[in-house]
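1. Next comes the sequence, and after it the predicted model I'd like to discuss.
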Amino acid sequence: MIEATSLTKRYGAKTAVDSIDFAVRPGQVTGFLGPNGAGKSTTMRMIVGLDRPSAGRVLVNGKPYAEHAAPLREVGALLEAKAVHTGRSARNHLRSIAATHGIPRRRVDEVIDLTGLHSVAGKRVGGFSLGMGQRLGLAAALLGDPATLILDEPVNGLDPEGVLWVRGFVRQFAAQGRTVLLSSHLMSEMALTADHIIVLGKGRVIANATVAEIVGSTQTFVRVRSPRIDEVARRLTQPDVTVTSVDADVIEVRGLPADVIGDAALSVGVALHELTTVQGSLEDAYMNLTRDEVEYRTTVTPDAALAEGIAR
C-alpha cells in the first residue's frame with residue numbers, strides 16, 4: 001500500500017506537488033493520470049526516495065521507502081527504462097542488481113523469461129529498441145518479487161503483444177493482493193487496465209475515484225439517424241432536452257433515453273436508421289477534468305493545422 005499525506009515538493013518558487021493526499025490500495029490497479037507538468041513523475045520519484053519531499057510524507061507498506069531493509073523486495077519501479085549501463089548485456093545488468101540485493105541468479109532467469117527477453121538476454125543493452133528497453137525495465141522492477149509495483153508509462157514503445165502482456169500481468173499481479181500504481185497517457189489502455197484512477201492537475205489531486213465513477217461523470221447521449229431527421233428533432237424539442245445536429249441526417253440527443261426517442265419517432269411515422277446510446281469514455285472524462293489544468297495549450301486544432309499544411 002502507498003499512502004501520501006500532505007505530500008509537497010517545491011523547486012525554488014515553483015510548487016510541483018501541492019500538499020496532496022491519496023492512498024494506493026492493494027488488490028487493484030490504480031491509474032495515475034495528469035497532463036505533462038502535473039506532478040506525476042515527481043510524485044513517483046518521492047515514493048521511491050529519489051526526491052525528498054519539501055513537506056508531508058509518503059509511506060510504502062507502512063514505512064518510507066528508504067527505511068525498508070530490502071527495498072527491491074518491497075517495491076519494484078519502472079521510472080526510466082534507459083537508466084542502464086549500455087555496455088552490459090541484459091542478463092548482466094539484471095545480475096548486477098540482483099547481487100546488490102541478495103537475489104539468487106535463478107530469479108534473473110525467471111524474469112528474463114517472464115518479460116520475453118530470452119532471445120536478447122546476451123546482447124548489449126545499448127543496442128536495444130525502446131520496446132526492449134521497456135521490457136528490461138520491467139524485468140528489473142520484478143526482480144525482488146515485490147509487494148508493490150510502480151510503473152511510469154510501461155507500454156511505451158511496446159508492440160501490441162507486449163501491451164496485451166503488460167495489461168494481463170498487472171491485473172494478475174493486483175489480483176494476488178499486491179499494489180499497482182500505473183501511469184500512462186493512453187486513455188484507452190488505462191480504461192482496460194485500471195480499477196481506480198487518481199488524476200493530478202498542476203500538482204493537486206483533481207479526481208480520486210473508480211474508473212466507473214469517473215466515466216459515469218461524463219454525459220451520455222443518444223445518436224439518432226433518419227432520412228427525416230428534422231421531423232424527429234422537432235418532436236423531441238422540450239425543456240431540459242438538448243438536440244444537436246451532427247450531420248444532414250444525424251442528431252445527438254441529451255436528456256432523453258433511447259426508448260422514449262424511438263417512441264417519439266414512431267408517433268410521427270418516421271423510420272429510424274440508427275438509435276444508439278453513447279456513453280462517455282475515460283478519455284472524455286479526463287479531458288473534462290483537465291481542461292483548465294494543462295500547462296501548455298495549443299491554439300490550432302489538428303484539422304486546421306492539416307488544412308494549413310495542405311494549402312502550403
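-> Received the coordinates, thanks.

2. Could you use CA atoms for every contact and neighbour count after this?
-> Noted.

3. Quick check, central residue of this structure?
-> Geometric centre of the chain, nearest residue: S184, 3.5 Å, by CA atoms, centre = their mean.

4. Which residues are in contact with it?
-> Each residue near S184 by CA atoms under 8 Å, 6 or more residues apart in numbering is listed here: G31, F32, L33, D152, E153, P154, V155, M190.

5. ok, so what distance separates the closest residue to the second one other than its chain neighbours from H196?
-> If I follow you right, that is F32. Nearest residue to F32, sequence neighbours excluded (CA to CA, 6 or more residues apart in numbering): S183, at 4.6 Å. Using CA to CA, to the nearest Å, S183 is found at 12 Å from H196.

6. And the two? Which one has more around it.
-> Legend: neighbour count by other CA atoms under 10 Å for S183 and H196, higher for S183 (25 against 22).

7. Surely the more buried one touches N156?
-> No - the criterion here is CA atoms under 8 Å, and S183 misses it with N156 at 10.6 Å.

8. Q28 and I150, how far apart?
-> 13 Å.

9. joint contacts of those two?
-> Residues touching both Q28 and I150 (CA under 8 Å, 6+ apart): V180.

10. Identify all contacting residues around stretch 167-175.
-> Under CA under 8 Å, 6+ apart, the answer for stretch 167-175 is P26, G27, Q28, V29, T179, V180, L192, T193.

11. residues making contact with the host helix or strand of N208?
-> Using DSSP states H and E, N208 maps to strand 204-210. Residues outside strand 204-210 that contact it (CA under 8 Å, 6+ apart): 17-22, 38, 195-200, 289.

12. for those, which one is nearest T237?
-> Within the contacts of strand 204-210, the smallest distance to T237 is 29.7 Å, found for L289 (CA to CA).

13. Kindly export the one helix or strand the closest one maps to (C-alpha atoms) in PDB.
-> For L289, the element it lies in under DSSP H and E is helix 282-290. C-alpha atoms of helix 282-290 as PDB (Å, rounded to 0.1, in the frame of the first residue of the first chain):
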ATOM      1  CA  LEU A 282     -12.400   7.700 -19.900                       C
ATOM      2  CA  GLU A 283     -10.700  10.000 -22.400                       C
ATOM      3  CA  ASP A 284     -13.800  12.200 -22.400                       C
ATOM      4  CA  ALA A 285     -13.800  12.300 -18.600                       C
ATOM      5  CA  TYR A 286     -10.100  13.000 -18.400                       C
ATOM      6  CA  MET A 287     -10.300  15.900 -20.900                       C
ATOM      7  CA  ASN A 288     -13.200  17.400 -19.000                       C
ATOM      8  CA  LEU A 289     -11.300  17.100 -15.700                       C
ATOM      9  CA  THR A 290      -8.000  18.500 -17.000                       C
END
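
14. Quick check: buried residues in it?
-> Buried residues in helix 282-290, defined by neighbour count with 16 or more other CA atoms under 10 Å: L282, E283, D284, A285, Y286, L289, T290.

15. Same question for stretch 60-78.
-> By 16+ other CA under 10 Å, the buried positions in stretch 60-78 come out as V60, N61, P64, Y65, P71, L72, R73, E74, V75, G76, A77, L78.

16. coming back round to it: for the helix or strand just after the strand holding N208, which outside residues touch it?
-> Per DSSP H and E, the first helix or strand lying C-terminal to strand 204-210 is helix 211-216. Outside helix 211-216, the residues that touch it by CA under 8 Å, 6+ apart are A191, A194, D195, H196, I197, G280, S281, L282, D284, A285.

17. coming back round to it: list residues touching both of S183 and H196?
-> In contact with both S183 and H196: G31, using CA under 8 Å, 6+ apart.

18. What distance do you get for R57 to K9?
-> The value you get for R57 to K9, if CA to CA is used, is 10 Å.

19. okay, those two: which has more neighbours?
-> K9 (23 against 20).

20. What residues does the more buried one make contact with?
-> Applying CA under 8 Å, 6+ apart, the residues near K9 are T15, A16, V17, D18, T42, R52, P53, S54, A55.
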